[in-house]
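*Asks:* take this sequence and fold it.
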Amino acid sequence: MNVIFTAILISSILTLIIFNPSSVLLTFSTAVEKSTKLCISLLCVYVVWCGFSALIEKSSLTSKLSRLFSPIIKLLFGKVSLKTKELISMNLSCNLLGVGGLATPYAIDAFKYLEEENNEHAKNVLFVISATSIQLLPTSVMQLLTQNGEPNASYIIIPSLIATAISTTIGIILCKVFK
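*Replies:* Residues are numbered from 1 along each chain as shown. This is a model prediction of the structure:
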């Protein structure tokens, strides 16, 4: 994949140099400026949610959260340890809030426990749920829309909920069928 992206990048730069050499520097400086603004904007969202999740962990709300998600976890993942339930609960919570980057560390830690438990099916289901992730509140996408001048970024909530619900449902069904 890196080779493909590198080839596309090099061919794009060469095309720009051949057909419009005067705009090469302007194009690069504009791209750097926009990407920096995007990174800082997304960083702010992640910092808030990282702080929030750290507070949840420190206050022992993860055990209450795992009890809330316990019926769903048991149905989807089968029998898993208490620590695995807590990690899966945090992963599901972050994904529901649309903060997939924050959900990833919890999924990785849950994978380690599932590996120790030798629960291959649960690992597959967790991978599918993490990749498709139902989002009740797509905060990252809403932040991008707001940053790009969209006055009503909340219009994305219903389409995002529908799309992620369908993809997650299909993924879970396929995991159960090809168990």
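*Asks:* which helix runs longest in the chain?
*Replies:* As assigned by DSSP state H, the longest helix anywhere in the chain is helix 24-58.
*Asks:* that helix packs against which elements?
*Replies:* Packing contacts for helix 24-58, counted by 3 or more Cβ pairs under 8 Å, 6 or more residues apart in numbering; DSSP states H and E, involve helix 2-19, helix 82-96, helix 100-116, helix 139-147. C-beta: built from backbone N, CA, C; applies to glycine.
*Asks:* what sits against residue 39?
*Replies:* If you count contacts by Cβ atoms under 8 Å, 6 or more residues apart in numbering, residue 39 has none.
*Asks:* my guess is residue 123 contacts residue 114. True?
*Replies:* Yes: if you go by Cβ atoms under 8 Å, residue 123 and residue 114 touch, sitting 4.8 Å apart.
*Asks:* so between the two, which is more surrounded?
*Replies:* Taking other Cβ atoms under 10 Å, residue 123 and residue 114 do not tie; residue 114 has more neighbours (24 against 18).
*Asks:* OK, contacts around the more buried one?
*Replies:* Contacts of residue 114 by Cβ under 8 Å, 6+ apart are 80, 84, 122-123, 126.
*Asks:* can you put these in a markdown table and add secondary structure and pLDDT?
*Replies:* Converted to a markdown table, the contacts of residue 114 look like this (DSSP: H, G, I helix; E, B strand; the rest coil; pLDDT from 0 to 100):
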| residue | secondary structure | pLDDT |
| --- | --- | --- |
| 80 | coil | 91 |
| 84 | helix | 91 |
| 122 | helix | 93 |
| 123 | helix | 93 |
| 126 | helix | 93 |
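*Asks:* can you pick the most crowded of those?
*Replies:* Going by other Cβ under 10 Å, residue 126 tops those with 26 neighbours.
*Asks:* ok, now how distant is that one from residue 5?
*Replies:* According to Cβ to Cβ, to the nearest Å, residue 126 and residue 5 sit 28 Å apart.
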